[in-house]
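Asker: generate a structure from the sequence data that follows.
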Amino acid sequence: MATVKKNKKKTIIIAVCAAVIIIAAAIGISVFAVQNSVTAVSLHTVGSNDIYEVVNATGEVSSGAVKEYKVGSVATVKEVFVKTGDEVKQGDLIATFDTSKFDSEIASLQSSYKQAKASYNESVEAQKAAKNNLAQVQKQIAELEKKNKELSQETGSMPSMTLPSVSVTNPDFDKDFTDDNMDDNYVYDDTYEETMKDLTAAIKDLTAAVNKLAGNAETGTMITDIVMNTVADEIQSGNVSSEEIAEISGDAVLEAIKNGKIDIDDLLADNDDAAQIIEDAVGNIDWKDVSSAVSNNAGNAALMSNQLMLTAYYAQEQLYSSMASDSIVSAKKELMNTTKNALDLLEEAKQELSGGWTAAFDGTITECNLYSGEQTTLLSGGITLQNMEDKVVTVSLGEYDIHKVKVGMPVKVSTAYGEYTGSVISKAPVATGGSTSSIMDSMGATMGISGLSSLTQSGAGVEVQISVEKPDEFIVIGFEADVEIDVGEHIGVTTVPSQAMLLDKTGSYVFIYDEEEETVTKTLIETGASSVSEYEIVNGVKLGDRIVLAPQSTFEDSFKVRIKE
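Answerer: Residues are numbered from 1 along each chain as shown. Take a look at the predicted model:
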C-alpha cells in the first residue's frame, strides 16, 4: 500500500486564511452593529421664505343690525301693527300697550322702598348706638371683674356662678319680643347647677322684658342697671322673697320714669305696663335658692351682688355685640337696594311701553309673537327687527389669534355657495366662555392651524365681527361661514417647517446638526409669524443650519446620529 506524505506548509497557509476570514467577518458584523445602534435622522437646511399669515375661523351669519323688543313685565297689548316678514321704516309704530295696571304696582313698590329705606336708616343709627353702648358695657364689665377678683381674694374663695351664653341673631329694640322667640336665642350648658340655670333664665326673661320696653339701646341699659341693682340690694339686705323683689324692681323703674332718669318718650309701653312687665320677669325666679347657693359659694353678700351685676352685663355685652355687627345693616341695605332696583325696572318698563314700540331703523320683521288684546307675562315673546341688507359673520377667537387681528383687516368669507370679500369691523373688549381656548390654539399653532377654539362652544374667546361686502341671497342669515383673516405678509424671513419643531411645556425646540461631531443638540427657538406649514424663526437658528425633521419627544438633549441616505 502506497503512503501519501502530507504537505505541512500548505496546511498552515489554509489555517491562516480561515482565521483571517473569520476575523474580518467579526469586524464587519461589529461595524454593522455599531452603525445600526446610532439613530438615523433626516435633515432640513434652514432657509428663507415668504409667509402670508392668516387666521381661520368659523362663525354664524347675522344681519348687520338687530333690535329685539321684549315686554319684560306684565302688560296688556293694545294693538300690533306688524307681522313676520313685514318691511318697516325707521320710526314706524309697530305695537302699543295699556300700562294703567303699572300704576298700582309702582305705588306699592314705592311704599315698600320707602319702608325699606327707613328701616335701613334706623338700623344704621341703632348700630351706632349699639357700638357706643357696647363700649360702656365693656368698661363696666372690666371694673366689675376687677372688683370680683379683689372680693374673691378677700374671702379666699372664687364664686361658682356661671354666666349665660347669649346669642341674639337679630335683635331690634323696636320689636315686641316674646319669651317664645327668645328661647331659641339663648344656649344653656347642661352641666350648670339648677340654681344657675334659673338665674340664667331670669336674665333671659329680663332681656326679653327690656326689649319690650326700651325704644333704644341707651334706655335698655338704664332699665337693666336699675333692675339688677335693685335685685342685688334686696338680696344683700336679706330680702329673698321673689314677689317682694319683683314689686320693688317694678317700683324702681316707675320711680326712674317719674324723676326723668328714664325718658318716657323712649319707652314702648305706658308706666303701669312697664312696671308690670319688669315685675313678671323678676318674679319668675326663686331668689331664696339663688341667694343660698351664691352665698355658700361666694363667701359674702358683696361678692354675690357683684356677680349678679356681672351676669347682667355679660348678657348685655353679647346683645350689643350682635347689634353692633354689620350683618343686620347689610341685610337691610340689600333689601333696600333690591326694592329700589325692582321699582326702577318697573318705571322704565312703563315709560318704554306707554309710548308704544317704534322701528329703530329700516328693516324686516323677522319674528312677531305678540297679539292684540293678549296679557303678556315675563316669559312672553316679542318682536325682532333686522336689517337684512347688511350681513355680518361673528366668530370667536382665542388668546393665540386675537392679538393678531386688527379692525380693518381684509377677510375672505366662504360659504357652500361661493366666496365673498369682507373686513373686520369690531372686536369685543373682553373674552367670554370657558378656559380651553388658549390650550387648543397653542396646540393648533404647533401644527400651523389657527382658530381651533372657535370650533367649540366650551372655549373662551373674544367675539370678532366681520362685514360681508356685496352679499347676495346665497349668504343666508343663521347659516355658518368660514373666514380667513389676512393678518400680515412677512417677506424673505428665516423659516423652518412645522414638522421640524418639537413643543413642550417650556417652549419650542429644534435639533441642530453638528457635522464635525456628527451629533444633534436640542435648541430653544423663538417663533414669529406662521403659515399652514412654516414658522418664522426670530431667534435660535440661522440660515444654513441643518436641523432634524420630525424629531421625537424621546430624543436626548444631545446625541450622535447618522444621516439617512
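
Asker: every contact and neighbour count from this point should use C-alpha atoms.
Answerer: Fine.

Asker: Gly91 reaches Ala360, doesn't it?
Answerer: Yes: shown here, Gly91 and Ala360 form a contact pair, counting by C-alpha atoms under 8 Å, at 6.3 Å.

Asker: okay, these two: which has more neighbours?
Answerer: Ala360 (17 against 12; other C-alpha atoms under 10 Å).

Asker: excluding chain neighbours, what is closest to the more buried one?
Answerer: Gln90 (5.4 Å; C-alpha to C-alpha, 6 or more residues apart in numbering).

Asker: all helices of the protein, in order?
Answerer: With helices called from DSSP state H, the chain shows them at 8-37, 100-155, 179-183, 194-213, 217-236, 242-258, 271-282, 287-298, 301-324, 327-354, 399-402, 437-446.

Asker: buried set for the biggest strand by length in the chain?
Answerer: Within the chain, and with DSSP state E defining each element, the longest strand by residue count is strand 47-70. Neighbour-count burial for strand 47-70, counted by 16 or more other C-alpha atoms under 10 Å, picks out 48-51, 53-66, 69-70.

Asker: what separation do you get for Asn49 and Pro497?
Answerer: Here the distance between Asn49 and Pro497 works out to 11 Å (C-alpha to C-alpha, to the nearest Å).

Asker: let me fix that: Ile278
Answerer: When distance is defined by C-alpha to C-alpha, Ile278 is 93 Å away from Pro497.

Asker: looking at those two, which is more packed in?
Answerer: Neighbour comparison, Ile278 and Pro497: the larger count goes to Ile278, with 29 against 19 (by other C-alpha under 10 Å).

Asker: now do the contacts for the more buried one.
Answerer: For Ile278, the set of contacting residues under the criterion of C-alpha atoms under 8 Å, 6 or more residues apart in numbering consists of 206, 209-210, 246, 249-250.

Asker: ok, which pair from those is furthest apart?
Answerer: When the contacts of Ile278 are compared pair by pair using C-alpha to C-alpha, the two farthest from each other are Val210 and Ala246, 14.4 Å apart.

Asker: so where do the strands sit in the stretch 451-565 of the chain?
Answerer: Along the stretch 451-565 of the chain, the stretches classed as strands by DSSP state E, counting those that start in this stretch are 462-468, 480-497, 502-504, 507-514, 519-530, 534-539, 546-548, 558-563.

Asker: just checking, what packs against the first one?
Answerer: Contacting strand 462-468 under the criterion 3 or more C-alpha pairs under 8 Å, 6 or more residues apart in numbering; DSSP states H and E are the following elements: strand 382-397, strand 418-427.

Asker: which among those strands is found nearest to Val487?
Answerer: Closest to Val487 of the helices and strands packed on strand 462-468 is strand 418-427 (C-alpha to C-alpha; 10.6 Å).

Asker: Tyr400: neighbour count?
Answerer: The local packing of Tyr400 (other C-alpha under 10 Å) involves 21 other residues.

Asker: which residues are in contact with the residue nearest to Glu534 when sequence neighbours are not counted?
Answerer: Ranked by C-alpha to C-alpha, 6+ apart and with sequence neighbours excluded, the top spatial neighbour of Glu534 is Pro497, at 4.4 Å. Pro497 makes contact with 533-535 under the criterion C-alpha under 8 Å, 6+ apart.

Asker: quick one: which of those is most hemmed in?
Answerer: Tyr535 (28 neighbours).

Asker: I'd assumed Ser498 was in contact with it.
Answerer: Yes: counting by C-alpha under 8 Å, Tyr535 sits close enough to Ser498 to count as a contact (6.3 Å).

Asker: what is the neighbour count of Met369?
Answerer: Just to correct that, residue 369 is Asn rather than Met. One way to gauge burial is a neighbour count; for Asn369, by other C-alpha under 10 Å, it gives 12.

Asker: do the same with Asn387
Answerer: Applying other C-alpha under 10 Å, we find 20 other residues in the vicinity of Asn387.

Asker: what's the burial count for the closest residue in space to Val54 that isn't next to it in sequence?
Answerer: What sits nearest to Val54 in space, not counting adjacent residues and going by C-alpha to C-alpha, 6+ apart, is Asp486, at 4.6 Å. Asp486 has 19 neighbours, counted by other C-alpha under 10 Å.

Asker: same deal with Val124?
Answerer: Close neighbours of Val124, defined as other C-alpha under 10 Å, add up to 19.

Asker: tell me how far it lies from Asn337.
Answerer: Spatial separation of Val124 from Asn337 under the definition C-alpha to C-alpha is 15 Å.

Asker: tell me who's in contact with Glu367.
Answerer: When contacts are counted by C-alpha under 8 Å, 6+ apart, Glu367 touches 83-85, 382-385.

Asker: which strand residues bridge Thr358?
Answerer: With DSSP bridges as the criterion, Thr358 is bridged to Leu93.

Asker: from Glu122, how far off is it?
Answerer: 45 Å.

Asker: got it, and Leu353?
Answerer: Note on Leu353: its distance to Glu122, by C-alpha to C-alpha, is 37 Å.

Asker: give me the more crowded residue out of the two.
Answerer: Taking Leu353 and Glu122 together and counting by other C-alpha under 10 Å, Leu353 has the greater number of neighbours (20 against 16).

Asker: ok, that one touching Thr96?
Answerer: Yes: with contact defined as C-alpha under 8 Å, Leu353 reaches Thr96; the gap is 7.0 Å.

Asker: list the contacts of the spatially closest residue to Val80 that is not a sequence neighbour.
Answerer: Spatial nearest neighbour of Val80, excluding adjacent residues (C-alpha to C-alpha, 6+ apart): Ala95 at 4.4 Å. With contact taken as C-alpha under 8 Å, 6+ apart, Ala95 is in contact with 77-82, 356-358.

Asker: with Ser241 instead?
Answerer: Remark: with contacts taken as C-alpha under 8 Å, 6+ apart, Ser241 is in contact with 286-288.

Asker: same deal with Ser48?
Answerer: 492-495, 543.

Asker: for the closest residue in space to Lys560 that isn't next to it in sequence, which residues make a bridge with it?
Answerer: If the residues on either side of it in the chain are set aside, Lys560 comes closest to Thr519, at 4.1 Å by C-alpha to C-alpha, 6+ apart. With DSSP bridges applied, the residues forming beta bridges to Thr519 are Asp514, Lys560.

Asker: Thr519 against Arg546, yeah?
Answerer: No: with contacts defined as C-alpha under 8 Å, Thr519 does not count as touching Arg546, sitting 11.2 Å away.

Asker: more crowded one of those two?
Answerer: Residue environment comparison for Thr519 versus Arg546 gives the larger neighbour count to Arg546, 21 against 16, counting by other C-alpha under 10 Å.
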